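Colleague: Any chance you can model this:
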Amino acid sequence: MMVKAVQQFMLGTVMNTEEQAADTMANMKAAGYDGIELCGFMLHPSSLMVRLMTKAAGMPVGRGGRLPWPRLVKDSGLKVVSLHCDLGSVEGSPAAVAGEALSFGTDKIVITGMYRFPYGEAEAVKELAARLNRAGAALKQEGVSLLYHNHNCEFLRLAPGTSGYDILLAETDPEYVNFEFDSYWCADAGAGPLGVMDALGSRMKLWHINDRGTRQSGPCMTPILKSDSMELGTGSMPLDALCEKARDAGVEAVILESHRNWIDKSPVKSFQLSAKYLNEKF
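Modeller: Numbering: from 1, shown residues only. Alright, predicted model coming up:
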């Protein structure tokens, strides 16, 4: 049975205190979620600059970095499906990163993409693939597997019919590197998520799910609407077909993540509404 989870990054504004974090995770459990995906830099105190930058990007991390996350997660009864981390930390201290993941009961580390990285340059992406292979090999020695999570920049066209994501898929070794596929960002880039799922096959170990559309009431000021994240089943993503492919690929967990545009501006109400769709499908 596929685990249904929520990414911690979605919950920064509702996990600022122990009581608030416990209540949020209890609401997740009650809604039908089995797990949570942890975000490394939300488990530890973050600088004011990080908090300001993520807030400006519409993705506030909140002030939960000082909370006792091992106890909170254990008390919640939620399974930790993976731990998001940055590549530099894995390269610098693979044993420590693996140890933190294992302490939460997960054997998966997810690299969440690179900042200020030239994804539009093929040679740079090939070197990234090599780094991922080395990092994955180091983590495997510690009993942990490495996954790569995409955003939209990996789908930049580098040559006719070739994207950065194609290079990462071709040049990484399945023994050391596999994937957490984010279908929302793939669609946002104009790529076809169903086709990418076909290409990934069994290398797609985890799936980030989100819907895509527009909240609009009353007259439109222009003939162009801006797209944003939506609760599952309320947007335009081909979610039914994506769910079927994820099931066929043997994906271990489907993970909800959205950063904003929540119904009533509440991430809790948002994941509760999305749970209705997930509970019908899985």
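Colleague: quick one: terminal-to-terminal distance for stretch 64-80?
Modeller: The straight-line separation of the ends of stretch 64-80 (Cα to Cα, to the nearest Å) is 17 Å.
Colleague: mind listing what's buried in that stretch?
Modeller: For stretch 64-80, the buried set under the neighbour-count rule, 16 or more other Cβ atoms under 10 Å, comprises 64-65, 67, 69, 72-73, 76, 78-80. For every residue, glycine as well, the C-beta is placed using N, CA and C.
Colleague: Now find how far off-centre stretch 166-186 is within its chain.
Modeller: Its chain's C-alpha centre and that of stretch 166-186 lie 13 Å apart, by Cα atoms, centre = their mean, to the nearest Å.
Colleague: what's the answer for stretch 124-136, then?
Modeller: The mean C-alpha position of stretch 124-136 is separated from the chain mean by 20 Å, Cα atoms, centre = their mean.
Colleague: So which bits of that stretch are buried?
Modeller: Buried residues in stretch 124-136, counting neighbours by 16+ other Cβ under 10 Å, are found at 124-125, 128-129, 131-136.
Colleague: residues in contact with the longest helix along the chain?
Modeller: Secondary structure of the chain per DSSP state H: the longest helix is helix 122-140. The set of residues external to helix 122-140 that reach it, using Cβ atoms under 8 Å, 6 or more residues apart in numbering, is 87, 90-91, 94, 97-98, 109, 111, 114, 117-119, 145-146, 148, 154, 158-159, 162, 164, 167-168, 171-173, 175-177.
Colleague: out of those, which are inside strands?
Modeller: The subset of those located in strands under the criterion DSSP state E comprises 109, 111, 145-146, 148, 158-159, 162, 177.
Colleague: tell me the least confident of those residues?
Modeller: Checking pLDDT across those, the minimum falls on A159 at 89.
Colleague: Closest to F282 out of the ones in strands among the contacts of helix 122-140?
Modeller: For those, the closest approach to F282 (Cβ to Cβ) belongs to S145, at 22.1 Å.
Colleague: So what sits opposite the closest one in the bridge?
Modeller: Beta-bridge pairing of S145, defined through DSSP bridges, involves K108.
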